[in-house]
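Novice: below are the sequence and a predicted model for it; my questions follow.
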Amino acid sequence: MFYRYFPFWKIFFEGLGWSVKTSEGVRQKEKIVYFEDSCLPMKLLVTHAVQLREKVDYLFVPRLVSIHRSFIMCPKFRGAPDIVRLATERKVSVIDETIDLRKGGVSFFQSFLKIGKKLGASKQESKNAFREAEDSFSRSRKGWMDRINRLPTGQLFEVNIPTPSEGRNFPLRVAFIGHPYNLFDVDISKGLLSLAKGLGMEIVTSDILSEKEIDREVSNLSKEIYWSSGREIVGSLFHFLSGGVDGVVFLTSFKCGIDALLQEFIKRRLKVLGGPSLPLLILSLDEHTSREGLMTRLEAFRDVIEERRSDSQIVV
Amino acid sequence: MKVTFPRLGSMHIFCKAIAETAGIPYVLPPETSRKTLTLGVLHSNECICLPFKMILGNFIEALQQGADTIVMVGSGPPCRLGLYDLVQKVILEDMGLHYRWLTIPPRLTWGAMWKNHEETKELRKELSAKNVLLFPYGLWMGWKKMMACEGLERLAMKVRPLEIKKGETQRRLKKALSWVDEAKTAKVLEEAIRRGKALLEEMEQDHSRRPFKVAVVGELYTVMDPHINRGVEQKLGELGAEVTRTSWFSTHILRTMRKNKADRASERVRFFEASKAYLGYDVGAECNVSVGEAILRSKEGYDGVVHLMPFACMPETTASGILTKVGKEWDIPILTLILDEQEIEGRIQTLLEAFVEMLEWKRRAA
């Protein structure tokens, strides 16, 4: 979940006087480390960890059990620090503090106090760093949409680069839904967002929706979806499909258990409800996905949207 | 009203017993076959786990044969099993099949009770007083039959590596299970169990053999259902390995009923403790238990471990990564079999033969 909470984590550790080093990713040259037969994001996590093994004193892989007060994360996150530890042959000390927000907001703070303690910081230092980190996080959440649309994907998380004040105008507005790492990791999405911007699509993500708006869409289901990311995906998909944008793109990574199940659910539900009212594109990503392949799909998708637009104009 | 349920291992025998004894009409889903799986695969997508497809296939077949009420166990996070019903309901709806759904709650909470109450509101009208009165007896009968099936299967696992005529154990086990299935009263059931046990014990056996001890671990559905795992248990047994597994219906039912004091359920706790060297947190489902069991089995002098998981299973994928390390560090051969809808029976046979051969070398070298 680097791709959502990095502004928080970076400031926290820097506040404690540590420098933060991130891995350079895989790009095209490096090989992916296959430690287990998992989804691409997990394989990349292991690869990044192996890359960083020699370069750092501590590796921060939090055990993300839950980042919502009543819903949980995918079970793979629970084992992630253990996998990383084994993949790096126990050669680097992993900070694997459990983050479980079901125990209340205080436990989040306590987790970070514990991390601070591990790094030899006093309680007060950790406290200050935590406050600063919270500020930085909420700042980063504010003009997030503008940032996505005005900066190249690679620079989104460089906290020091300010958001350009002027952006260009896009003729289309398209919602991109998926786990944050699927959207923003260049190794996973192969720079899909920049491709989309190049095609004149303004990007909207589920980040702009409030929790209430998402809850409204998923609260009437026969059973609660208990993964927070799954809720966000299903809720925002139904939200955007009911209007406000020109089209919706759903990004999943191959072998993602949550997405596979929910994807089927979404498709079927839409069919039962009488078909989607907007164009919906589902892209499944893995290490074999190529930029060119995505480009073709996106171009076709744009054509569908434009076709639809001109059709409706004729009718009206 | 016609009740139906998923088919899993010998589960149909005691589910049937419950319905039959209580006098509730039911439809037994046809034996899981290629067609069942094809139906399940057709109506889901490639990354959904195999149990989902199997259960869906069972339901479709049963509904097509006239069932109208589905009884399904509920489960909780973090595994996908907990959301099966949400998705399956929509799929069945989309297929135009009519059904009513009854969830057996995994934990007795007020919320679950309320939901159960809502779901059964309609159904209760169709039940006669006789059904309701006989239901506890049905449950008891079901439990008895379940224990009987498990006892027979355990016995079969023990004698199978010693059999002289290949496949004899399986034939006898099938016969014994059918006796249990047919028993209508407690007395007949006792008799059936006794006869079944004798049938297996009387089989010609070669006691000079020294069977390998192999533990089967992994996701419970793949471990328990011979259709999904293509008879791994039987194949291993016929290759000369005494198979042990700790996933049984009774263990899981006792576990959810918080009866952890029973011996078999507490075994899980032991496994869980053992896994802590590798896993710092409960990953969910059987992941920690699989890892822990492999470690403990190595300590107990087992010859090998077979790890079963459905393709793309979330907790077991984590386990499989860790198990490769466990195998090296504890010096125990571990074979991970990933199962999906592909026709891989031949491949599994080859893999298992190679695995057992490897165990032989290992024994000779020691």
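Specialist: Happy to help now that I have it.
Novice: every contact and neighbour count from this point should use C-alpha atoms.
Specialist: Fine.
Novice: looks to me like B:H227 is in a strand.
Specialist: No. Counting by DSSP: H, G, I helix; E, B strand; the rest coil, B:H227 is located in no strand; its state is coil.
Novice: pLDDT score for it?
Specialist: Note for B:H227: predicted pLDDT of 79.
Novice: residue contacts, B:R100?
Specialist: B:68-70 (C-alpha atoms under 8 Å, 6 or more residues apart in numbering or on different chains).
Novice: any idea of the pLDDT on it?
Specialist: At B:R100, pLDDT is 80.
Novice: quick one: it from B:K35, how far?
Specialist: 23 Å (C-alpha to C-alpha, to the nearest Å).
Novice: and of the contacts of B:R100, the nearest to A:D185?
Specialist: B:I70 (42.5 Å; C-alpha to C-alpha).
Novice: what sits closest to A:T289 if chain neighbours are left out?
Specialist: A:K190 (7.8 Å; C-alpha to C-alpha, 6 or more residues apart in numbering or on different chains).
Novice: OK, contacts around the one you found?
Specialist: Applying C-alpha under 8 Å, 6+ apart, the residues contacting A:K190 are A:289-291.
Novice: gap between A:S38 and B:M314?
Specialist: On the measure of C-alpha to C-alpha, A:S38 and B:M314 end up 8 Å apart.
Novice: who has more neighbours out of these two?
Specialist: B:M314 (28 against 24; other C-alpha atoms under 10 Å in any protein chain shown).
Novice: thought the more buried one was touching A:K76?
Specialist: Yes. Applying C-alpha atoms under 8 Å as the test, B:M314 and A:K76 come out as touching, 6.3 Å apart.
Novice: for the nearest residue to B:L359 once chain neighbours are set aside, what are its contacts?
Specialist: Distances taken as C-alpha to C-alpha, 6+ apart place B:D303 nearest to B:L359, at 6.7 Å, with adjacent residues excluded. By C-alpha under 8 Å, 6+ apart, the contact set of B:D303 is B:212-214, B:332-333, B:359.
Novice: quick check: residues of the stretch 51-200 of chain A near chain B?
Specialist: A:72-76, A:78-80, A:82-83, A:86 (C-alpha under 8 Å from any C-alpha of the partner chain).
Novice: quick one: which of those residues sit in helices?
Specialist: A:75-76, A:78-80, A:82-83, A:86 (DSSP state H).
Novice: alongside chain A, which residues does the stretch 201-350 of chain B contribute?
Specialist: Near chain A, when you scan the stretch 201-350 of chain B using C-alpha under 8 Å from any C-alpha, you find B:278-284, B:312-315, B:317-318, B:320-322, B:325.
Novice: list only buried entries from those.
Specialist: Among those, the ones that count as buried by 16 or more other C-alpha atoms under 10 Å in any protein chain shown are B:278-284, B:312-315, B:317-318, B:320-322, B:325.
Novice: burial measure for residue 205, as a count.
Specialist: You didn't pick a chain, so chain A it is. Other residues close to A:T205 by other C-alpha under 10 Å number 22.
Novice: my question was about chain B, not that one.
Specialist: 15.
Novice: shouldn't it be in contact with B:K166?
Specialist: No. B:Q205 is beyond contact range of B:K166, at 10.8 Å (criterion: C-alpha under 8 Å).
Novice: can you tell me the centre-most residue of chain A?
Specialist: A:P180 (0.8 Å; C-alpha atoms, centre = their mean).
Novice: quick check: closest non-adjacent residue to the residue in chain A that chain B sits nearest to.
Specialist: Here chain A gets closest to chain B at one residue, A:E36, 4.7 Å apart by C-alpha to the nearest C-alpha. Of all residues not flanking A:E36 in the chain, B:G321 sits nearest, at 4.7 Å (C-alpha to C-alpha, 6+ apart).
Novice: would CSV of the contacts of B:D303 with neighbour count and pLDDT be doable?
Specialist: Shown next, in CSV, are the contacts of B:D303 (neighbours: other C-alpha atoms under 10 Å in any protein chain shown; pLDDT from 0 to 100):
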residue, neighbour count, pLDDT
B:F212, 21, 87
B:K213, 18, 87
B:V214, 26, 88
B:I332, 22, 86
B:P333, 24, 86
B:L359, 20, 88
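Novice: just name the closest of these to B:L42, please.
Specialist: B:V214 (35.2 Å).
Novice: give the pairing partners of the helix or strand hosting that closest one; include direction for each.
Specialist: Using DSSP states H and E, B:V214 sits within strand B:212-218. With DSSP bridges as the test, strand B:212-218 is paired with strand B:241-245 (parallel), strand B:304-310 (parallel).
Novice: ok, residues contacting the longest one?
Specialist: Spelled out, that is strand B:304-310. B:49-51, B:212-219, B:222-223, B:229, B:290, B:294, B:297-298, B:316-317, B:320, B:332-340, B:359.
Novice: and the helices in the stretch 151-300 of chain A?
Specialist: Using DSSP state H, counting those that start in this stretch, the helices of the stretch 151-300 of chain A run over A:180-184, A:186-189, A:192-198, A:211-218, A:228-241, A:257-272, A:291-315.
Novice: turn those helices into a markdown table, columns for distance to A:I282 and mean pLDDT.
Specialist: A markdown table is the format used below for the helices of the stretch 151-300 of chain A (distance: least, C-alpha to C-alpha, whole Å; pLDDT from 0 to 100):
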| stretch | distance to A:I282 | mean pLDDT |
| --- | --- | --- |
| helix A:180-184 | 12 | 82 |
| helix A:186-189 | 13 | 78 |
| helix A:192-198 | 13 | 84 |
| helix A:211-218 | 20 | 79 |
| helix A:228-241 | 11 | 84 |
| helix A:257-272 | 9 | 82 |
| helix A:291-315 | 10 | 81 |
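Novice: any stretches of the stretch 101-250 of chain B with poor pLDDT?
Specialist: By pLDDT under 70, the weakly predicted segments of the stretch 101-250 of chain B are B:105-123.
Novice: mind giving me the domain split of chain B?
Specialist: Taking automatic domain parsing as the domain assignment, the ranges for chain B are B:3-127, B:144-206, B:210-366.
Novice: with distance to A:M42 added, can I get these in a markdown table?
Specialist: Converted to a markdown table, these look like this (distance: least, C-alpha to C-alpha, whole Å):
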| stretch | distance to A:M42 |
| --- | --- |
| domain B:3-127 | 16 |
| domain B:144-206 | 38 |
| domain B:210-366 | 10 |
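Novice: what packs against the longest helix seen in chain B?
Specialist: The longest helix of chain B (DSSP H) is helix B:129-159. Where contact means 3 or more C-alpha pairs under 8 Å, 6 or more residues apart in numbering or on different chains; DSSP states H and E, helix B:129-159 is packed against helix B:11-21, helix B:168-182, helix B:186-201, helix B:232-238, strand B:241-245, helix B:249-256.
Novice: for chain A, which segments count as strands?
Specialist: A:58-60, A:63-66, A:93-95, A:98-100, A:172-177, A:201-205, A:247-253, A:280-285 (DSSP state E).
Novice: could you dump those into TSV and include distance to A:S126 and mean pLDDT?
Specialist: Listed next are the strands of chain A as TSV, based on distance: least, C-alpha to C-alpha, whole Å; pLDDT from 0 to 100:
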stretch	distance to A:S126	mean pLDDT
strand A:58-60	16	81
strand A:63-66	19	80
strand A:93-95	15	80
strand A:98-100	16	80
strand A:172-177	34	87
strand A:201-205	32	84
strand A:247-253	36	87
strand A:280-285	39	86
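Novice: now tabulate these in CSV and tack on distance to B:G40.
Specialist: Converted to CSV, the strands of chain A look like this (distance: least, C-alpha to C-alpha, whole Å):
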stretch, distance to B:G40
strand A:58-60, 41
strand A:63-66, 31
strand A:93-95, 42
strand A:98-100, 36
strand A:172-177, 27
strand A:201-205, 33
strand A:247-253, 22
strand A:280-285, 21
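Novice: so what's the residue count around B:E93?
Specialist: B:E93: 16 neighbours (other C-alpha under 10 Å).
Novice: check which helix or strand covers it.
Specialist: Assigned by DSSP H and E, B:E93 falls in helix B:84-94.
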